[in-house]
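**Q** Mind folding the following:
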Amino acid sequence: MLKRHARAACTALAAAGLLLAGTGGATADSAPAAPSAAATLRTADAPPELLAAMQRDLGLTPTQAKARLAHEAEAGATAARLRMRLGASFAGAWVDGADAGTLTVATTRAADTAAIRATGARPKLVTRTLAGLDADRAALDRAAGRATPVRYVDPRSNTVVVEETEPGAAAALLAATGTDAARVTVVRTAEAPRPLYDLRGGDAYYMNGSGRCSVGFPVTKGSTNGFATAGHCGRAGTTTSGFNQVAQGSFQASVFPGNDMAWVAANAQWTATPYVKGSGGANVQVTGSVLQPVGASVCRSGSTTGWHCGTIQQHGTSVTYPEGTISGVTRTTVCAEPGDSGGSYISGSQAQGVTSGGSGNCSSGGTTFFQPLNPILSAYGLTLKVSGSDPGPGPGPGEPEPGGTWRAGTVYAVGATVTHGGATYRCIQGHQAQTGWEPPNVPALWQRV
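**A** Numbering: from 1, shown residues only. Model prediction:
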């Protein structure tokens, strides 16, 4: 596992010409336009250190780095709306280009292509739905072993990719599960993902006075401060000390394998902050937990290797470590090394997840996986510590609260429905709700139905 805390907050371009279509605008006689996805996710607040790391690791110019963050936010919202509209024919989405300026949305139905183009995205007609490929991957997961350590759905190739470490291992897996070989791409690899054992995100902490991991994201649970991290770092009851070797707290819950999630409750000497540790030890703000699309940039910070960036390759990946299989992790091109486990992955200012495991290193490069954060927040009833949320104007004097089922602090998955102000809304991008992100205010996250 690669434990460390990511440094957050990437910038967005305010220039409308750099944003993908579909955000809308206001006329002189209309109500003001709802905020764009880039505005909602505050991509314009990225610190210089984050932009510098993106330029270094992704080979970008300063302008491309800024544009990329804005484009990724808009692409995520556009893809989410199209996924809802296309329904069962949806086959995945991804961004391309140095500045992520091209969004491609795949569908199995030719009649969908006009609707996709109308949003400014590029349609791709394929033969297999995302749901069907996910079902194939789930069947392979149940029979996979160490010789086929990684399986994921690749929307670009419209197949399930199976990585094998031994010749014929993937073929044997397909035969054992009855999976159609035409739906699978086999990739030979010498890499064998493994856990890498070795309250600001990215800072080191120590388990039972020995092994080292990295803080993921600071959280609260009621009046208790703590942090989310990787499950393989410790079990419930494992005690922790901080980067300064001062007694810190203990693991309250942990799952590994299956998932790779845990949280640590800290004692009264430690206070959760809305930051991760960035380049040179500077603080980087975290403002939310909206998961970004395939192809988006993502950066990681950890106690061994510091701050590194790359891109999201696939969501919903399954990985078989020597200890067992974990499912639902995200595969990335970001490097990491032992001791980075549990640390933060962040895209722009949006928390993505905690470092799980991988292969390679930060000298020659590698592949790493992160456990998405929102399932951790939901499973343990945690609230992500965020900064700079705008509570908005709220009701006027004497006006009633809008009412409804929407609640700040709740983790909403794609497809969840709530009521607010007498209207019904469907979630189009998974996130933890916060004040200022009420459904009518954030069309990048909610769609009225």
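**Q** Against residue 284, how distant is residue 339?
**A** According to C-beta to C-beta, to the nearest Å, residue 339 and residue 284 sit 20 Å apart. Quick note: C-beta positions are derived from backbone N, CA and C, even for glycine.
**Q** Between the two, point out the one with more neighbours.
**A** Just comparing residue 339 and residue 284: by other C-beta atoms under 10 Å the higher neighbour count belongs to residue 284, 31 against 24.
**Q** Just give the strands next to the strand or helix carrying that one in its sheet, each with its orientation.
**A** For residue 284, the element it lies in under DSSP states H and E is strand 283-285. Its sheet considered, strand 283-285 pairs with strand 275-277 (antiparallel) by DSSP bridges.
**Q** show me what contacts the closest residue to residue 365 other than its chain neighbours?
**A** Excluding the flanking residues, the one nearest residue 365 by C-beta to C-beta, 6 or more residues apart in numbering is residue 335, at 5.8 Å. Counting by C-beta atoms under 8 Å, 6 or more residues apart in numbering, residue 335 makes contact with 305, 308, 310, 360-362, 365-366, 368.
**Q** again, 10 Å this time
**A** Taking C-beta atoms under 10 Å, 6 or more residues apart in numbering as the criterion, residue 335 is in contact with 2, 57, 300, 305, 308-310, 358-368.
**Q** Same question for residue 134.
**A** 92, 152-153, 160, 316.
**Q** Could you double-check that residue 286 sits in contact with residue 350?
**A** Yes - contact criterion C-beta atoms under 10 Å: residue 286 and residue 350 qualify, at 7.8 Å.
**Q** Hmm, residue 214 and residue 339 touching each other?
**A** Yes - counting by C-beta under 10 Å, residue 339 touches residue 214, with 6.8 Å between them.
**Q** which stretches of this protein have low pLDDT?
**A** In the predicted model of the chain, residues 1-32, 196-198, 388-401 satisfy pLDDT under 70.
**Q** Could you find the closest non-adjacent residue to the residue nearest the centre of the chain?
**A** Against the mean C-alpha coordinate of the chain, by C-alpha atoms, centre = their mean, the closest residue is residue 352 at 3.1 Å. Once flanking residues are discounted, residue 352 sits nearest to residue 345: 4.2 Å by C-beta to C-beta, 6+ apart.
**Q** Residue 176 now?
**A** Using C-beta to C-beta, 6+ apart and skipping residues adjacent in sequence, the residue nearest residue 176 is residue 143, 5.0 Å away.
**Q** That neighbour - how many residues pack around it?
**A** 14.
**Q** Identify the residue spatially nearest to residue 140, adjacent ones excluded.
**A** Nearest one to residue 140, counting by C-beta to C-beta, 6+ apart, is residue 151 at 5.2 Å.
**Q** Same question for residue 101.
**A** Nearest non-adjacent residue to residue 101 (C-beta to C-beta, 6+ apart): residue 71, at 5.2 Å.
**Q** Select the longest strand from this structure.
**A** If you go by DSSP state E, the chain has its longest strand at strand 306-321.
**Q** From the chain's centroid, how far away is that one?
**A** Relative to the centre of its chain, strand 306-321 is centred 9 Å away, using C-alpha atoms, centre = their mean, to the nearest Å.
**Q** cool, and stretch 372-384?
**A** Taking mean C-alpha positions (C-alpha atoms, centre = their mean), stretch 372-384 and its chain are 12 Å apart.
**Q** Appreciated, that's everything.
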